[in-house]
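Asker: quick one, structure for this:
(4 chains)
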Protein chains: 2
Amino acid sequence: MAHGQMSETARTRSKSQQAYHWIQERIAGGEFTPGYRLVLGSIAHELDMSVVPVREAIRRLEAEGLVTFEQHVGARVAMIDDSQYRQSMEALALLEGAATALAARHLTADDLRRARDLNRRLVESLDDFEPHLFTSLNHRFHAVLFAACPNPRLLALVDAEWVRLGHLRDSTFSFVPGRAHESVREHDALVDLIESGAPLADVERAARGHRSATLAAYLSHEHPDEAPAAAGVTTV
Amino acid sequence: MAHGQMSETARTRSKSQQAYHWIQERIAGGEFTPGYRLVLGSIAHELDMSVVPVREAIRRLEAEGLVTFEQHVGARVAMIDDSQYRQSMEALALLEGAATALAARHLTADDLRRARDLNRRLVESLDDFEPHLFTSLNHRFHAVLFAACPNPRLLALVDAEWVRLGHLRDSTFSFVPGRAHESVREHDALVDLIESGAPLADVERAARGHRSATLAAYLSHEHPDEAPAAAGVTTV
DNA sequence: CCTATCCCGACCGTATACGATCCGCTCGAG
DNA sequence: CTCGAGCGGATCGTATACGGTCGGGATAGG
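Answerer: Modelled structure (predicted):
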């Protein structure tokens, strides 16, 4: 920032947006854990602004489902309990599956190479298993595959769901380490499928099934008593 | 409202929420058409409150995609152009298809009867075709079918997409009246499928295909030149 | 007559102020 | 000792105030 501000209009994000990003980062980074109380005044003071922009930011986060708000009580980071986790994963399976299928025909050879490379790094990370790194790479792998989806609305929904799962997504592989090995194999199969020009329905089924399987692994590990049918939209 | 206000805490919605609902109704009702300029001060004055709650309401509407916001310029009702319409319909096909499939096993005989009844009214309305009524009944018909979906998150996404399409959804059947006849036949087939206990995959495919077909009809009517493959997620 | 510049009004963004509500703690009665 | 009423601090909800930014119309020059 040698010259202070550059294109003043584009560079100067409004304070509401500053607050929004600041809070979102803390939530995504796990610094604000679920249930954490978001006090307007404190945040405002921390960010050196008044409460008004902070309120707006929190309202937006509320609309996105990241925080809950109670009248005259305030906001707290949304508690994603097991059932909500399951619901979001189910939705993500759907959305990501479709996005991946729609993107399949638009992937370049370079994209596929990058996907394979990321999966290679995933395999390597299996030895010295680090949930956070694994999750991050996993996200990037899938992002490469569905990013080319020509439907921005769908992409927005997919992203929103990823954000919503937030830090929680780490835990899937922390809790069920065995799932990670199976996961990377499915990744390879998925890329093969896409590369071979398989019918989009097959690609969608594979991508959806992949995530549903992760969910199922989590559920059967956390709630061994529940009927396996709970996995839900594995139907298609 | 003989007694003015009842349980003050539950009944007294905060002014932000008042503003939110007030604006949303106007948008849904078509009073505020796409592109309409939402001036904070005017709305605040109209609702007899200050601009602060109105700003919050508009922020929330922005997060939901109903209005767009530009720095130092203000908010206006989101322009849903053709491409966005297509994208939302595609997303809705996905989400509603899955929600309908997941709900299928939970539908009571009464639910199915209500669905058939609504479709009967749809058939009747075909004679004296009234787009708005038809669309409304159409929504209620589908709502009956997917309301029993055990995944609230999915339902929320479906609802959000319906709201997003808003008034625009009227136009589908206004523009392509022929589609309405085909639509009600598909409705019957869909209910039959559910009632017969067909595999969920079949239900999902049928429900998704139904909406994709509506989209395709719209597209081929509006843009006869485009490749029909544009219909998108008809794949599964 | 057409174009570029300047100025002004409308509106947005944020700060500050103040009343309202909730939650936890103290204190007294049983 | 237990429990309910009352009080006070913390925090929210909204109003008002003021400086900043944008867009359009008047004005001067070509």
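
Asker: pick out the residue closest to the middle of chain A.
Answerer: residue A:162 (1.9 Å; Cα atoms, centre = their mean).

Asker: wasn't it part of a helix?
Answerer: Yes: assessed with DSSP: H, G, I helix; E, B strand; the rest coil, residue A:162 lies in a helix.

Asker: I figured it hits residue A:136, correct?
Answerer: No: using Cβ atoms under 8 Å, residue A:162 is not in contact with residue A:136; the gap is 11.5 Å. Backbone N, C-alpha and C define where each C-beta goes, glycine included.

Asker: count residues in the vicinity of residue A:188, would you?
Answerer: Residue A:188: 15 surrounding residues under other Cβ atoms under 10 Å in any protein chain shown.

Asker: nearest spatial neighbour of it, skipping sequence neighbours?
Answerer: residue A:119 (6.2 Å; Cβ to Cβ, 6 or more residues apart in numbering or on different chains).

Asker: so what's that neighbour up against?
Answerer: A:141, A:184, A:187, A:188, A:191 (Cβ atoms under 8 Å, 6 or more residues apart in numbering or on different chains).

Asker: okay, helices next: where are they in chain A?
Answerer: Secondary structure of chain A (DSSP state H): helices located at A:8-11, A:15-28, A:40-46, A:51-63, A:82-104, A:109-127, A:131-146, A:152-165, A:168-175, A:177-195, A:200-222.

Asker: redo the ones you listed as CSV? Include mean pLDDT and distance to DNA strand D.
Answerer: Shown next, in CSV, are the helices of chain A (pLDDT from 0 to 100; distance: least, Cβ to the nearest atom of the strand, whole Å):
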stretch, mean pLDDT, distance to DNA strand D
helix A:8-11, 44, 5
helix A:15-28, 93, 12
helix A:40-46, 96, 3
helix A:51-63, 94, 6
helix A:82-104, 94, 23
helix A:109-127, 94, 38
helix A:131-146, 91, 30
helix A:152-165, 91, 22
helix A:168-175, 67, 24
helix A:177-195, 92, 39
helix A:200-222, 91, 33
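
Asker: is stretch A:48-59 anywhere near DNA strand C?
Answerer: Yes: counting by Cβ under 7 Å from any atom of the strand, contacts between stretch A:48-59 and DNA strand C involve A:48, A:49, A:50, A:51, A:52, A:53, A:56.

Asker: neighbours of the closest residue to residue A:118 other than its chain neighbours, just the number please.
Answerer: Distance criterion Cβ to Cβ, 6+ apart; nearest residue to residue A:118, sequence neighbours excluded, is residue A:141 at 4.3 Å. Residue A:141 has 22 neighbours, counted by other Cβ under 10 Å.

Asker: how does chain A divide into domains?
Answerer: A:8-77, A:82-235 (automatic domain parsing).

Asker: so how far is the first one off the chain centroid?
Answerer: Meaning domain A:8-77. How far domain A:8-77 lies from its chain's middle: 19 Å, per Cα atoms, centre = their mean, to the nearest Å.

Asker: try the longest one
Answerer: For domain A:82-235, the separation from the chain centroid amounts to 10 Å (computed by Cα atoms, centre = their mean).

Asker: near chain B, which residues of chain A are found?
Answerer: A:9, A:14, A:16, A:52, A:55-56, A:59-60, A:62-64, A:71, A:84, A:87-88, A:90-91, A:94-95, A:98, A:101-102, A:151-154, A:157, A:199-201, A:204-205, A:232-233, A:235-236 (Cβ under 8 Å from any Cβ of the partner chain).

Asker: filter these to the buried ones?
Answerer: The neighbour count (16 or more other Cβ atoms under 10 Å in any protein chain shown) marks A:16, A:52, A:55-56, A:59-60, A:62-64, A:84, A:87-88, A:90-91, A:94-95, A:98, A:101-102, A:151, A:153-154, A:157, A:200, A:204-205, A:232-233, A:235-236 as buried among the residues of chain A next to chain B.

Asker: just to check, residue A:183 is in contact with residue A:209?
Answerer: No: between residue A:183 and residue A:209 there is no contact under Cβ under 8 Å: 11.7 Å.

Asker: who's more crowded, these two?
Answerer: Under the neighbour definition other Cβ under 10 Å, residue A:183 and residue A:209 were set side by side, and residue A:183 has more, 23 against 19.

Asker: could you check how far that one is from DNA strand C?
Answerer: Distance check for residue A:183 against DNA strand C: by Cβ to the nearest atom of the strand, to the nearest Å, it reads 42 Å.

Asker: which among the residues of stretch A:48-59 next to DNA strand C end up buried?
Answerer: Of those, these count as buried by 16+ other Cβ under 10 Å: A:51, A:52, A:53, A:56.

Asker: isn't the third one right next to residue A:16, touching?
Answerer: By that I understand residue A:53. Yes: contact criterion Cβ under 8 Å: residue A:53 and residue A:16 qualify, at 4.2 Å.

Asker: which parts of chain A sit against DNA strand C?
Answerer: A:14-16, A:44, A:48-53, A:56, A:71-73.

Asker: among those, which two are most distant?
Answerer: With Cβ to Cβ as the measure, no two of the residues of chain A next to DNA strand C lie farther apart than A:48 and A:71, at 27.6 Å.

Asker: ok, back up a step: spatially, which residue comes closest to the residue nearest to the centre of chain A, not counting chain neighbours?
Answerer: Looking at residue A:162 with Cβ to Cβ, 6+ apart, the closest residue is residue A:139, at 6.7 Å.

Asker: on that earlier part again, quick one, what contacts the residue nearest to residue A:118?
Answerer: Residue A:141 touches A:115, A:118, A:119, A:122, A:187, counting by Cβ under 8 Å, 6+ apart.

Asker: check residue A:130 and give its pLDDT.
Answerer: The model reports residue A:130 with a pLDDT of 80.

Asker: just give me the neighbour total for it.
Answerer: Counted with other Cβ under 10 Å, residue A:130 comes out at 14.

Asker: got it, and residue A:217?
Answerer: The burial count for residue A:217: 20, using other Cβ under 10 Å.

Asker: cool, residue A:58 as well?
Answerer: 25.

Asker: now do it against residue A:42, distance only.
Answerer: Computed as Cβ to Cβ, to the nearest Å, the residue A:58 to residue A:42 distance reads 12 Å.

Asker: how about residue A:186?
Answerer: Counting by Cβ to Cβ, the gap from residue A:186 to residue A:42 is 44 Å.
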